[in-house]
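Undergrad: sequence first, predicted model second:
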Amino acid sequence: MSRVGANPITLPKGVELKIDGSQVSVKGPKGELSWAFQSEITFRQEDDQIIVTRPSDQARHKAMHGLSRTLLANMVTGVTEGFSKTLEMHGVGYRAQMQGKDLEVSVGFSHTVKVSAPEGIEFEVDGTSKIIIKGVNKQAVGQAAANVRKIRPPEPYKGKGIRYEGEYVRRKAGKAGKAME
């Protein structure tokens, strides 16, 4: 058995699950998510738990078993608690501010960069150098964070740029210079 796929998913109070063949919808206090899973993987609900099963022990079915269980668990977590990613800005004059629902970032270009929030994603600015990205869909939150980071990724010489909270940027030595004789 798959170690991940064998674990049942517990449904918290206030979460509704609807299984329609391979289409699964989850509705909770923070929102609603739905996903079309592989048709071979089956889901069944027993009381407040969801059990994910696979048809055989083929490598493909084993992989889909664990993946499907994790995706469904992330959907349940998303509609109850939500997901968030925090980005930090390092550099002189680097700052972020909210412009309505959009994010406006100043990172050393001659102009500010405006980032529109995708559907289901919410931006927050903590101080002037921390950006918090929130949403119910884990994949969408991660993609939005990657898109913001892509504006000015951290560079290895001075460490300036936008990076994930806790991300380590490996620094390089600059030019060594010519030795004096």
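TA: Cool, got the structure.
Undergrad: I'd say Ile162 and Arg152 touch.
TA: Yes: assessed by CB atoms under 8 Å, Ile162 is found in contact with Arg152 at 5.2 Å. Quick note: C-beta positions are derived from backbone N, CA and C, even for glycine.
Undergrad: these two: which is more packed in?
TA: Ile162 (24 against 21; other CB atoms under 10 Å).
Undergrad: doesn't the more buried one belong to a strand?
TA: Yes: using DSSP: H, G, I helix; E, B strand; the rest coil, the assignment for Ile162 is a strand.
Undergrad: show me where this structure has its helices.
TA: For the chain, helices defined by DSSP state H occupy the ranges 59-80, 138-149.
Undergrad: give me the common contacts of Ile162 and Arg152.
TA: Tyr94, Val105, Val107 (CB atoms under 8 Å, 6 or more residues apart in numbering).
Undergrad: out of the residues you listed, which is nearest to Val76?
TA: Val105 (32.7 Å; CB to CB).
Undergrad: first to last residue in stretch 75-91, what's the distance?
TA: 36 Å (CA to CA, to the nearest Å).
Undergrad: residues contacting the residue minimising distance to the centre of the chain?
TA: Nearest residue to the geometric centre of the chain (CA atoms, centre = their mean): Gly142, 2.7 Å. By CB under 8 Å, 6+ apart, Gly142 lies in contact with Lys85.
Undergrad: what does Tyr164 give?
TA: Applying CB under 8 Å, 6+ apart, the residues near Tyr164 are Lys85, Thr86, Leu87, Glu88, Ala145, Arg149.
Undergrad: low-confidence stretches in the protein?
TA: Applying pLDDT under 70 to the chain flags the ranges 1-2, 179-181.
Undergrad: mind listing the strands for it?
TA: Using DSSP state E, the strands of the chain run over 9-10, 16-20, 23-27, 32-36, 42-46, 49-53, 83-90, 95-99, 102-106, 113-115, 121-126, 130-135, 161-164.
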